[in-house]
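Trainee: fold the following.
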Amino acid sequence: MSADNKLPLNALRAFEAVAAHLSFTGAAQSLNVTTAAVSSHIKSLEEFLETPLFVRHSRSVRLTPQGARLLPGVQRGMGELTRAVDQLRLDRSSGLLNISLLGSFLQKWLLPRLGDFYQKHPEVDLRFSASRELVDFMQTDFHAAVRYGSGSWPQLQAEKMLDDWVFPVASPALYAKLGPIATLGDLNKYPLLHSASEPWMDWLRRVGGDTTRIERGPILDDSASVLAAAEQGHGLVLARWSLVAGDLASGRLVRPSTQSVRQHNSYYFVAPAHNFEVPKVIRFRDWLREVCNEFPPPEGERLEPQ
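Mentor: Model prediction:
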């Protein structure tokens with residue numbers, strides 16, 4: 001459709017208003033414009049259609065047969081357009097919000113806090129997808145993701161939410177049996193559980209420990225699974241503070257050592273830049289930032305000034 005043949009939407013709105021009021025003045029008041037503006041729109045629409053739409057009398061206006069034929073279609077079209085715009089605005093501020101994130105973070109940190117979000121924002125329906133894979137926002141209907149990393153993801157905007165620390169934890173029974181870890185050499189008293197995401201080799205290297213110790217035993221890929229194995233007394237495991245804080249508070253796990261290591265990676269809220277402007281995304285992002293700010297660092301550590 002060429003520029004000259006584009007539907008004159010403002011003129012059609014004016015036509016619908018005049019037809020509803022059978023008055024140019026009434027239509028102008030309902031549209032909050034001048035009577036002259038309404039008259040100009042009707043004139044341009046009649047020129048566009050090459051047919052008169054109203055019969056004008058000194059004190060009244062009535063539709064021509066052509067105008068009467070046009071009116072139902074205009075009313076349906078304007079109604080559909082209004083509903084579509086209203087639905088889009090509603091979808092941006094409420095309804096389904098799709099978030100991709102790590103299953104361990106969802107299970108161990110986020111779920112216990114979600115009641116607060118639903119209480120504050122009952123209009124938003126959260127749907128989570130737990131996955132290690134980076135979501136393709138162009139090919140899926142995800143609005144945002146919570147990712148653990150360096151903060152750099154190509155073509156995406158990332159906002160840091162939460163720092164983290166790593167330290168050894170064990171079951172209370174195993175700790176009672178083998179005792180505290182006062183020196184790095186005391187690690188030899190414990191069987192080590194191995195996590196693909198938090199390897200002992202990296203932690204020992206950063207704290208100056210013995211990295212030549214043979215790592216035996218199965219390597220568990222999921223952080224929640226390795227914490228469950230530690231809780232059952234199978235050995236000592238490295239745990240992220242974010243994932244283990246609840247278990248420590250409840251007494252399901254204990255810290256045999258006060259030695260912790262601040263992680264280079266952090267949790268980030270990630271999305272295409274335009275999604276950061278969607279109202280329901282903003283509500284979840286702001287809420288997440290608030291609860292992350294309320295989450296304290298482990299004992300003996302401190303947050304760096306933002």
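
Trainee: any chance you could map the strands in the stretch 101-250 of the chain?
Mentor: Assigned by DSSP state E, counting those that start in this stretch, the stretch 101-250 of the chain shows strands spanning 124-130, 144-149, 157-162, 165-169, 194-195, 219-220, 237-240.

Trainee: quickly, which of the ones you listed bottoms out on average pLDDT?
Mentor: Among those, strand 219-220 carries the lowest mean pLDDT, at a mean of 74.

Trainee: on that earlier part again, now, of the strands of the stretch 101-250 of the chain, which is deepest in the fold?
Mentor: strand 237-240 (a mean of 26; mean count of other C-beta atoms under 10 Å). (Glycine included, C-beta is placed from N, CA and C.)

Trainee: ok now it, how far from the chain's centre?
Mentor: 27 Å (C-alpha atoms, centre = their mean, to the nearest Å).

Trainee: what packs against it?
Mentor: For strand 237-240, the elements it packs on are strand 165-169, strand 194-195, helix 223-231, judged by 3 or more C-beta pairs under 8 Å, 6 or more residues apart in numbering; DSSP states H and E.

Trainee: grab the nearest non-local neighbour of the residue nearest the centre of the chain.
Mentor: With distances taken as C-alpha atoms, centre = their mean, Ala144 lies nearest the centre of the chain, 4.0 Å away. Nearest non-adjacent residue to Ala144, counting by C-beta to C-beta, 6 or more residues apart in numbering: Ala271, 3.9 Å away.

Trainee: for Leu97, grab the count of nearby residues.
Mentor: Neighbourhood size, Leu97 [other C-beta atoms under 10 Å]: 20.

Trainee: show me what contacts it?
Mentor: Applying C-beta atoms under 8 Å, 6 or more residues apart in numbering, one finds that Leu97 lies in contact with Val124, Asp125, Leu126, Arg127, His143, Ala144, Lys280, Val281, Phe284.

Trainee: wait, the third one touches Leu111, no?
Mentor: Put plainly, it is Leu126. No: the criterion here is C-beta atoms under 8 Å, and Leu126 misses it with Leu111 at 10.8 Å.

Trainee: pLDDT of stretch 11-30, averaged?
Mentor: On average, stretch 11-30 scores 91.

Trainee: what's the end-to-end length of that stretch?
Mentor: With C-alpha to C-alpha, to the nearest Å as the measure, stretch 11-30 spans 14 Å from end to end.

Trainee: for the residue of the chain most remote from its centre, helix, strand, or coil?
Mentor: The centre of the chain is farthest from one residue, Ser58, which by C-alpha atoms, centre = their mean lies 59.1 Å away. Here Ser58 is recorded as coil under DSSP: H, G, I helix; E, B strand; the rest coil.

Trainee: quick one: it and Thr183, what's the gap?
Mentor: Applying C-beta to C-beta, to the nearest Å, the value for Ser58 to Thr183 is 103 Å.

Trainee: try Thr25
Mentor: Thr25 sits 91 Å away from Thr183, going by C-beta to C-beta.

Trainee: mind giving me the packing neighbours of the helix or strand bottoming out on mean pLDDT in the chain?
Mentor: Lowest mean confidence among the helices and strands of the chain (mean pLDDT, DSSP states H and E): strand 219-220, at a mean of 74. Judged by 3+ C-beta pairs under 8 Å, 6+ apart, the packing partners of strand 219-220 are strand 194-195.
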